[in-house]
Each structure stands twice: as C-alpha cells, then as structure tokens.
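[1] Only the shape, not the letters, is given here:
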C-alpha cells in the first residue's frame, strides 16, 4: 500500500502534472533559454513570460479580475505578513483567535498591538459577522479573517462579514487568509469583497517556497512593500523571483481549476467514508465542528483518553501520516490555540488529531489508513 | 547486555532515549546495527521559552540538542520524535528536587528521573505506540539467569552509572537494554567517529540537566532566600547563611567561615530551625544510618523480601554518592522499603537525601538502593 497521507493540509505533495511541468521548465533553464526575469534579453523575456502565464492561471483559479494584482511571494507566511503590515502604526486591527500563527504573530508584532489588536473568538466553532461588528472601532484600519481554518476546516462567512464591515467601515482594509480554502472549495476573490487574499502553492500541489498575495485593483497603489531593492512584482515585492516555484504554482492552479468539481465530489466521498468508519468502530470519539460548514477534506477528531502526539507516532510507525494541531505548531508539542479558542479543554485539545485527505488517493488507501487509525486507537486504549 | 544479531528474544521495537549526546547516539547505532527496529526519542523536559530567567550555558533540551539527536537518527536511518514530558518531569523531578533541599536533604534528581520519567512514563507512552523495550546510553548492564534479571555495573569503571539506576523493577529490567554496558567511553567515541555521527566530539554535560547556573541560584529563583544561622553542635552561632539549600552534609568549602584552627564541615542540616550545624571532621563519623524508600533489585534479595521475615541482614558494598568507591557494610532490612545500615570497618560521610546503593560484596551487582534518611543516627561513642 505504501505510505498513506492523511496530512494533506500540511502540504499537498507534488501533483504529477506539476512535476512534469517543473521538470520541463528546469530543462529550459538548463539549456539557457530561461534566465533572470528582470533581464532585457531573450532569456529574461522567456522567464518573464513564464511568470505571466503562472500569474494568469492563479488569477483565474482564485476568481480575480484582470485588473487585480497577483503578487508572488516566498509563501503564504510572507503574504500574510505583507497584508498585516498594511495596518501601519495606527488604528484598530481585528483578527480571529483561530488564525494561522503567521497572521497572529504578524498582528501581535504591530506597534501598539497590546491596545490596538482585537481577537474574535468562535462560538460553536464559527466566527459570526455580528461578533466582528461588535469589536469594530471608529478607527479600525484592518480586518483579517481566514477563509477556512487549517485545523478544524471550518469555512468562515467572509463574504457576509466583508459586506457588513464595508457598510460601516468603508475605509478599513479587509484581508483573508485563503491558503487552505483554495483548491478545496470554490473561491472567488471578486465576490468575497476583500482587498487582499493570501494563497500558497504547496497547499495546492505546487512546490514549497512560493505563495501570493492577491490585491484588489485600486488598493495596489497604497500597499507598502516589505521587501525593497528591486522593481519585481510591480514594485510590491523585490527580489529575483522563485521561477521554478512560480511555474509550479501555475501548473497546480491550472490542474486544480480544471478538476475542481470532480475534486469536491471525491473529497466528500472520502471524508464520509472516514467519518462513518470512525464513528462506527470507535467509542468516545468526537468529530469537531461537525455541524459547521467545513472544507470537504478535513476532519478534526477528539479521541478520549488518547494522547494525540503518541497517536501520531503510532500511526507514523504504521505508515500513516496524520497530525495533531497544525504542522507549524509541532516544533514542541503544544495544545493548539485554535482548539483552545474553540472551547476545548487542554486535555481534549491534546487528544485531538487532524485527518486531511487528498482527492487523488484511492478509496482503498483511504479505507486502509482509517483501519490503521482505528487499530491504533484500540491498541492505545488497551494499554 | 551485548546485542547479538538476530537474537530472537529481543524481537520487539525499541525506543532509544536520545539526549543529543554521544552515548545515546552510539546506543541507538548499536541497536540498529544489531537489527532491532529502533525509534529515537528525545525527552523534552524543559522549555527554555518558559524559563526566560535562565542564564549561562544550556545543559539540556536546548534546540541544538534535539537537532543533534535528529541528525544522528537520520544518519543511522531511524525515525525520531520529541516527547513532551515537561509537566511530568516538573512534578516528579524538579518540584521534588526543590522541596528536598528545603527539607534539609541533598537530593539526587537523576535517580528520580530514571525511575519515574525514563523507565516508567517514557516506557508507558512508548508501549502505547507499539514499542516493547526501552534503551538508553547508560553505562550499566542487565543480565538474566534462572533466578531473574540482574543489574550490574558497566564495564567502564569510571563511567558506570548503575548507581543511578537502582530504582528498577524486574519487569523494567526485563524490557530494558543498555547497549553500552560492555564498552568503555573511548570505544564509544571511536564508534561514533567511525560512523560519522554528528555527536562524536560533543563534550559531555556534567551537571544536573535542568540547572544551568548553580543549584543555589536555581532553588532561590523558585523559593527565594531563607536566611538563617550557622551554628556549632552546642548551638553557638558562628555565621549566617542565605538558605539551607546551599549546603550539603560533609561539605567543607564555601561555608563563609573563617578563623577556625581546624577545618569545619557541615555536620547536619536542621530544616525545622533553618540551621546549618558545623563541626570538625570527627563529628561526621557514624556507626550506622537509616535508608528509606528502598527498591530491591536483585532477584535473590527480592525472594527474601517476599518471605517477609523481618528483620534480616545482608552484607554489602554500599555506595553513598556518585563516584564514591563504596564501603563494606551490613544492611538490616526492617521492612521491604526500610533499613538500617551499619559500617563494617571504615565509615563514610552520610548525606541525607543521597542515594545509598547496596552492591553485592564484590561490588558488581546492584542488590537494592534507597534514600539516606534525615539525621537520626547517634554519633559513634
């Protein structure tokens, strides 16, 4: 059977189409026909053109308009940091308590954050537009709320929230971290109504080390870049572009867009299988946020009496990859801030694993992996 | 225990505790070479992020230690995980360490760590994810015969750590491997170099793993200073101290007292009066002392304990602290966990809180061990 990847939200792994595209690209770089995108000569032009192709594909996938900007970065962490920094040094800032650490820490690092920053907590695993409205202040300058949460998979009502914020606070900038959402649900930047949106290539099946901040036309002129020193990315992000990464991003975007509807159905089928098997075979097991709109590939599962970190190891030794909490938090095992913000006790948080599935994996693999989880839980509970 | 390739009795997966030092690195290497399925685990017992007040050199659990362990595991070709034991270690080892000092004892945290954390909690969790054995880089040996399992000193007389391992049950010994038991340190380093392990030249950490400054500073960072008097046996005050935790029975240096014709030693620590009692060397002499919280390890001794005909006596070479060469003594078992120990010929300094480990008279096998009890013995007449 080989290793089974139930940790797709950590990284999707390279899609075969993407690997092919990147290999072909590397051959072109090797033979000297693709060089520095900023150069005037043909090598530069070819490189530039590859970036343009990728940019177009990413824009199409995320439903950006032609006049909106896709700013390629070194990843979603950089994109999130770039977005949050637009809050400058004054004005209130609102984020949710369940944001990814790259949003949380960038926001906490803003000057004066102790008084400026408000974190909205979920109720029943969901962030409501009403609750966001309640914390807005006259001088609110930035609101950043993720489109889908990486740990519990919940989808936030961003369109509704954006509409409500815009009506009362037209000057506030709206940002959404769409890293986990893109590729797992239909995303339309134009319809969401935000000014900025972060995306990541490796969550889609592209290479690590590349992402993008989507910026609405009209906002681009007021963006302050983080990295200075060159005119790349329309002066919004200096530095020679990660060409192989960007090319992979383009390939991944094209593949995902072409297959989105089928993918969504495949996710649903697989997740239902896992959910059913677990609920039938294992007692004292809770699927978190089961009633809330979620990404179709993600299951956050609390297993009473079992330490999630040890279950991850047990399954790793059986050839199944899962995670407890998000990968970023796993340097030292710590109770997930997302689960705690959702009201789980520290004990339950430490007994919670995340299963995130790939549409590309076969039903047999999914079933096999789930069997391994069931067996591991029973073995651990017996001991 | 010498590992042999394909040894059928050792079939289960082993969790090898890896500190990021050369000893545990080579232990993991040897297990893997012997064909055992091994996983490397570093115990995280301390988080520097939670203890910003730490100054000085890190002695353990620094990110670099985990990095070293991870690199070695990758070089050997085994899976590697970090196990969070911070809370458990904090309760069972660190808190106990602090309260022992406050109670006038000089504790031995490595004994508690081995007994409670490595061979109990780590074992329990490793069992839960499918391991059957625990291995460490300790210099010690486990052998087996028809009587049961025996804990012996390691081949390296200088490095032997059996003293810290006395708290092990037969069940624990049955599922513990000490791959370095027959090796001496230079040989271990040589093996590490030969296999290009990242830790081959790494210097050893000498001190208590969670204390990076001094014990005194550590304790005071937790409970503050508790000034009191330094007195003689007849109660005459001759000095002051900032906390009894800075002193250990038998200590001569660092008393801050001058002008005595004879060298003065800490003879007793009185936690109730918060006093340090000093005297001349003769005042340290004892005929006997009491040991509590005893664990019996040797299978024959275990049999006698289960017969429960108390009191009974056995002859021993007793080691009363790390690097103590041991003295001949007679142990009178009063119950399964208590004994009075009488020196046979020469006496040794008795420090309450330290481990007293009873080796067989030939000084190779650990028969039992316990904690030296607070001063109750009478001075030799």
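    Arrived safely, thanks for sending. Worth saying up front: this structure is predicted, and the values here are computed from it rather than measured. Residues are numbered from 1 along each chain as shown, chains lettered A, B, ... in the order given.
[2] which SSE is residue 28 in?
    Because you didn't say which chain, this covers chain A. helix A:16-30 (DSSP states H and E).
[3] not what I meant, chain B
    With DSSP H and E as the criterion, residue B:28 is inside helix B:22-33.
[4] Summarise which helices and strands the next helix or strand after that helix is packed against.
    Note on helix B:22-33: by DSSP H and E, the next helix or strand toward the C-terminus is strand B:38-44. Here strand B:38-44 touches strand B:14-17, helix B:22-33, helix B:63-76, strand B:79-84, going by 3 or more CB pairs under 8 Å, 6 or more residues apart in numbering or on different chains; DSSP states H and E. Bear in mind the C-beta positions are built from the backbone N, C-alpha and C, glycine included.
[5] do the shortest one and chain A meet?
    It stands for strand B:14-17. No: counting by CB under 8 Å from any CB of the partner chain, chain A has no neighbours in strand B:14-17; the shortest distance is 9.6 Å.
[6] Just the residues contacting that strand, thanks.
    Strand B:14-17 has contacts (CB atoms under 8 Å, 6 or more residues apart in numbering or on different chains) with B:24, B:27-28, B:31, B:36-43, B:78, B:118, B:122-123, B:126, B:131-137, B:177.
[7] so which of the helices and strands packed on strand B:38-44 is the most packed in?
    Stretch with highest mean neighbour count among the helices and strands packed on strand B:38-44: strand B:14-17 (a mean of 27; mean count of other CB atoms under 10 Å in any protein chain shown).
[8] Setting aside sequence neighbours, what's the nearest residue to residue A:240?
    Computed as CB to CB, 6 or more residues apart in numbering or on different chains, the closest residue to residue A:240 that is not its neighbour in sequence is residue A:36, at 6.1 Å.
[9] ok so that neighbour is a strand residue?
    No: assessed with DSSP: H, G, I helix; E, B strand; the rest coil, residue A:36 is coil; it does not lie in a strand.
[10] in stretch A:221-230, what counts as buried?
    A:223, A:225 (16 or more other CB atoms under 10 Å in any protein chain shown).
[11] Quick check: the residue of the stretch 151-300 of chain B nearest chain A.
    Using CB to the nearest CB, residue B:175 is the residue of the stretch 151-300 of chain B that sits closest to chain A, at 13.5 Å.
[12] Surely that residue touches residue B:135?
    No: using CB atoms under 8 Å as the test, residue B:175 is too far from residue B:135 to be in contact (9.8 Å).
[13] Spit out the contact partners of the residue of the stretch 151-300 of chain B closest to chain A.
    B:123, B:132-134.
[14] and if you look at residue A:278?
    A:285, A:287, A:301, A:370, A:373-374.
[15] repeat that for 7 Å
    A:285, A:301, A:370, A:374 (CB atoms under 7 Å, 6 or more residues apart in numbering or on different chains).
[16] Give me the number of neighbouring residues for residue 115.
    Because you didn't say which chain, this covers chain A. Residue A:115 has 7 neighbours, counted by other CB atoms under 10 Å in any protein chain shown.
[17] To clarify, I was referring to chain B.
    21.
[18] Can you give the distance of stretch A:184-194 from its chain's centre?
    14 Å (CA atoms, centre = their mean, to the nearest Å).
[19] Next secondary structure after the helix or strand where residue A:190 lies?
    Taking DSSP H and E as the definition, residue A:190 sits inside helix A:189-192. Where DSSP H and E defines the elements, the next helix or strand beyond helix A:189-192 is strand A:196-200.
[20] Go ahead and name everything in contact with that next one.
    Against strand A:196-200 from outside (CB under 7 Å, 6+ apart): A:62, A:75-76, A:79-80, A:83, A:173, A:175-179, A:182, A:189, A:211-215, A:219.
[21] re the thing from before, any idea which of the contacts of residue A:278 is closest to residue A:270?
    Using CB to CB, residue A:370 is the member of the contacts of residue A:278 that sits closest to residue A:270, with 9.6 Å.
[22] that's a strand at the closest one, yeah?
    No: counting by three-state DSSP, one finds residue A:370 to be helix, located in no strand.
[23] just checking, it touches residue A:275?
    No: Residue A:370 lies out of contact with residue A:275 (CB atoms under 7 Å); the separation is 9.3 Å.
[24] and the stretch 251-383 of chain A, which of its residues are near chain B?
    With the criterion set to CB under 7 Å from any CB of the partner chain, the stretch 251-383 of chain A comes near chain B through A:309-310, A:313-314, A:316-317, A:332-333, A:380, A:383.
[25] related to what we said a few turns ago, run through the neighbouring helices and strands of the helix holding residue A:190.
    In terms of contacts (3 or more CB pairs under 7 Å, 6 or more residues apart in numbering or on different chains; DSSP states H and E), helix A:189-192 is packed against helix A:158-168.
[26] Just the mean pLDDT for the helix it packs on, thanks.
    Averaged over helix A:158-168, pLDDT sits at 96.
[27] mind listing what's buried in stretch A:208-217?
    By neighbour count on 16+ other CB under 10 Å, the buried set for stretch A:208-217 is A:209-216.
[28] that older thread, return the subset of the contacts of residue B:175 lying in strands.
    Among the contacts of residue B:175, DSSP state E puts B:133-134 in strands.
[29] can the contacts of residue B:175 go into a markdown table with extra columns for pLDDT, neighbour count and distance to chain A?
    Compiled in a markdown table, these are given as follows (pLDDT from 0 to 100; neighbours: other CB atoms under 10 Å in any protein chain shown; distance: CB to the nearest CB, whole Å):
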| residue | pLDDT | neighbour count | distance to chain A |
| --- | --- | --- | --- |
| B:123 | 95 | 21 | 11 |
| B:132 | 94 | 15 | 11 |
| B:133 | 96 | 22 | 14 |
| B:134 | 97 | 22 | 15 |
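[30] among the contacts of residue B:175, which two are most distant?
    B:123 and B:132 (9.9 Å).
[31] Please give me every residue in contact with residue B:313.
    So residue B:313 contacts B:330-332 (CB under 7 Å, 6+ apart).
[32] what residue ranges in the stretch 51-200 of chain B score low on pLDDT?
    Applying pLDDT under 70 to the stretch 51-200 of chain B flags residues B:51-61.
[33] For it, which residues are neighbours of chain A?
    B:79, B:81-82, B:84, B:125, B:127-130.
[34] What is the nearest of those residues to residue B:66?
    Residue B:66 has its nearest neighbour among those in residue B:82, at 5.9 Å by CB to CB.
[35] Tell me the bridge partners for that closest one.
    With DSSP bridges as the criterion, residue B:82 is bridged to residue B:42.
[36] so residue A:232 makes contact with residue A:238?
    Yes: the pair residue A:232 / residue A:238 is scored as a contact, 5.7 Å apart, by CB under 7 Å.
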